[in-house]
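Chemist: Let's see this in three dimensions:
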Amino acid sequence: MAKTYATLAQWTTMIGCVNGLSDGAINDQWLPYGAMRVNVSLGKCFTLPFSNNNYTANQLSIQYGYLGFLQTRTRKKDDSDELAAALNQMVTDICSGNAPMVTDDGIAIPGTGAQFDAWSTTQDYEPTFNMLSPERQKINPDRLDDEYDAVHNTTGGLL
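Modeler: Numbering: from 1, shown residues only. Presented below is the predicted three-dimensional model:
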């Protein structure tokens, strides 16, 4: 059986009974789907898998499972769009540090990764050498100027 972060009882408490949705479908399809969506959404910010006492992962997995059901089984497009937007905002807030991920006992869990790429001192440079044949290679002149400026002060003498 696939990894899940919630149980049928937790689903029923949060979502309630849904017409046309059996307990077997919830356990075998929608709870694993919800867990997979949580892993995909938060894997860039946290180490996976989440522990069994991760309240945020539990609640998000139930909501993602329900969203999957809404998107594939009903015609209530407005409901699924609204839930999808809310889940996307929650994930964005968690990964950016604006909302905490918490355990069942209320302890905040810091993220282990960054949602955005780190800034680099060389990010605006072209590569030192390009992909041309060796006889046509050239060094980026901006990099050479900055290397020279780093060694020499503005009056032209060595630091």
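Chemist: can you list the domains in the chain?
Modeler: In terms of domains, the chain is parsed into 8-109, 119-159 (source: automatic domain parsing).
Chemist: Could you dump these into JSON lines with mean pLDDT added?
Modeler: Shown next, in JSON lines, are the domains of the chain (pLDDT from 0 to 100):
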{"stretch": "domain 8-109", "mean pLDDT": "90"}
{"stretch": "domain 119-159", "mean pLDDT": "65"}
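Chemist: tell me the most buried of those?
Modeler: Among the domains of the chain, ranked by average contacts under mean count of other Cβ atoms under 10 Å, first place goes to domain 8-109 (a mean of 16). Where C-beta positions appear, they are placed from N, C-alpha and C, glycine not excepted.
Chemist: Now do that one: distance from first to last residue.
Modeler: Distance across domain 8-109, first residue to last, is 25 Å (Cα to Cα, to the nearest Å).
Chemist: can you tell me how far Y64 sits from G106?
Modeler: In this structure, Y64 and G106 are 22 Å apart, going by Cβ to Cβ, to the nearest Å.
Chemist: go on, L8?
Modeler: From L8 to G106 the distance is 24 Å (Cβ to Cβ).
Chemist: And A25, by the same measure?
Modeler: With Cβ to Cβ as the criterion, A25 and G106 are 32 Å apart.
Chemist: what sits against the residue lying closest to L60 once chain neighbours are set aside?
Modeler: Distances taken as Cβ to Cβ, 6 or more residues apart in numbering put V38 closest to L60, at 4.9 Å, once the chain neighbours are dropped. Counting by Cβ atoms under 8 Å, 6 or more residues apart in numbering, V38 makes contact with 5, 50, 57, 60-61, 64.
Chemist: Tell me how far K138 lies from D149.
Modeler: Relative to D149, K138 is positioned 20 Å away (Cβ to Cβ).
Chemist: next one: I26
Modeler: I26 is 64 Å from D149, by Cβ to Cβ.
Chemist: same question, L42
Modeler: For L42, the distance to D149 - Cβ to Cβ - is 43 Å.
Chemist: likewise N27?
Modeler: For N27 relative to D149 (Cβ to Cβ), the value is 64 Å.
Chemist: R73 contacts G20, doesn't it?
Modeler: Yes. R73 is in contact with G20 according to Cβ atoms under 8 Å; the separation is 6.8 Å.
Chemist: Identify the residue spatially nearest to S41, adjacent ones excluded.
Modeler: V91 (4.5 Å).
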